[in-house]
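Participant: I would like the atomic coordinates for the input below:
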Amino acid sequence: MRIVRAEARLGYAPANNLGFREATGRFLIVLNPDTRVAPGFVAGLVAASAAAGDQALVTSRICLFDRPDEINTCGNTVNFGLIAACRGLGEPADRWGTADEVASISGCAFLVPRPLLEQLGPFEEAIYPYLEDTEISLRAWVGGFRCVTAPESVVYHKYAIRLKPEKFFFIERNRWLVMLQTYRWRTLAVLLPGLLLTEGLVWAGAATMGTDHLRAKARSYAAIARMLPVARQGRRRTQRLRRRDDRSLLARLDGPVPVAQLATAPVAKIGLTVANAVLAGYFGGVRRLVRW
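Facilitator: So this is what the prediction gives:
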């Protein structure tokens, strides 16, 4: 084992990119520090990578640390507005024993083969922190690669849903920056009505969380405007990599937003449920239009 010590605390994306540069193996594995792994953790990831022809990002079956029989996430779901959520959160772990294609890996525990990383590029440090795993996953799909789960690779993660105002600010800023980098302009135009409805839902959710979250959401718009040059640079890189059109990408994404993970108040849950019925119908129409 060779330990590389950074000169300062870098954070998730920059520190993992440092590890990518220093590592010499064929397979690169990212693992959060607040985890423990089950026997066979590495072997399960490598086997799933081999089954995918080393052309996929491979994510573990991640269970809750204090409730190991329940799922934290088995890959992430991603809404067309790039609202990401844990796939299978709170469900029995033994129900998630099948290898699947997913919209996004979980940045908590995943494998990337070195040849794929060399084509795909490392984490996007400009949007750090938050949504780095969503961004690199969408980049992989656009680039003609895949995201898959490795159910034989089991990790136990100390996870809790905590959405403090500062985290909310970064997520909302990065959500739009990643959209600007990823979607074609005509796709954004077709999605715009649904994105505006989703924006309304986010504002409503912020209102239920308090004044600080409303301020954080408002600040995110100014930050997006300041970072448009960053988004343009990231867009050029992603579009140069493009091997798939947005039809294939949208086929991996969901319409509704994850009610259970985003709302705690009963009124908010009811509102999201009603809105999701509208979003589901709208997104179904969008998929048909984009196919056309």
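Participant: And the residue nearest to Gly121 when sequence neighbours are not counted, which helix or strand is it part of?
Facilitator: Excluding its sequence neighbours, the residue lying closest to Gly121 (Cβ to Cβ, 6 or more residues apart in numbering) is Arg237, at 6.9 Å. Yep, even glycine has a C-beta here, placed from its N, CA and C like the rest. Using DSSP states H and E, Arg237 sits in helix 228-241.
Participant: Buried residues of that helix, list them for me.
Facilitator: Within helix 228-241, the residues scored as buried using 16 or more other Cβ atoms under 10 Å are 230-231, 234-235, 238, 241.
Participant: what sits against His157?
Facilitator: Taking Cβ atoms under 8 Å, 6 or more residues apart in numbering, we find His157 in contact with 32, 34-35, 62-65, 72, 108-109.
Participant: out of those residues, which are buried?
Facilitator: For those, buried by 16+ other Cβ under 10 Å: 35, 62-65, 72, 108-109.
Participant: how much space between Ala43 and Val230?
Facilitator: Remark: distance between Ala43 and Val230 (Cβ to Cβ, to the nearest Å) = 39 Å.
Participant: Hmm, I typed the wrong one, I wanted Leu57.
Facilitator: Leu57 sits 23 Å away from Val230, going by Cβ to Cβ.
Participant: and what of Asn76?
Facilitator: The gap separating Asn76 from Val230 is 23 Å, by Cβ to Cβ.
Participant: what sits up against the strand or helix carrying Val190?
Facilitator: Per DSSP H and E, Val190 falls inside helix 185-209. Identification of contacts with helix 185-209 by Cβ under 8 Å, 6+ apart yields 79-81, 83, 163, 168, 172, 179-180, 183, 213-214, 216-217, 246, 250, 255, 257, 262-263, 265, 267-268, 271-272, 275, 278-279, 282-283, 286, 289-290.
Participant: Try it again at 6 Å.
Facilitator: If you take Cβ atoms under 6 Å, 6 or more residues apart in numbering as the criterion, helix 185-209 is touched by 81, 213-214, 217, 246, 265, 268, 275, 282, 286, 289.
Participant: so which of these comes closest to Pro113?
Facilitator: Ranked by distance to Pro113 (Cβ to Cβ), the contacts of helix 185-209 are led by Asp246 at 25.4 Å.
Participant: I am assuming that closest one contacts Met179, so please confirm or correct that.
Facilitator: No. Asp246 is beyond contact range of Met179, at 11.5 Å (criterion: Cβ atoms under 6 Å).
Participant: relative orientation of the helix or strand hosting Phe168 and helix 228-241 in degrees?
Facilitator: Assigned by DSSP H and E, Phe168 belongs to helix 165-182. Interaxial angle, helix 165-182 versus helix 228-241 (axes from the mean of the first three to the mean of the last three Cα atoms, to 10 degrees): 50 degrees.
Participant: I'd like the average pLDDT over helix 165-182.
Facilitator: For helix 165-182, the mean per-residue pLDDT is 96.
Participant: same for that helix, what does it pack against?
Facilitator: Under the contact criterion of 3 or more Cβ pairs under 6 Å, 6 or more residues apart in numbering; DSSP states H and E, helix 165-182 touches helix 211-226, helix 228-241.
Participant: and if we set it to 10 Å?
Facilitator: Packing partners of helix 165-182 (3 or more Cβ pairs under 10 Å, 6 or more residues apart in numbering; DSSP states H and E): strand 84-86, helix 132-142, helix 185-209, helix 211-226, helix 228-241.
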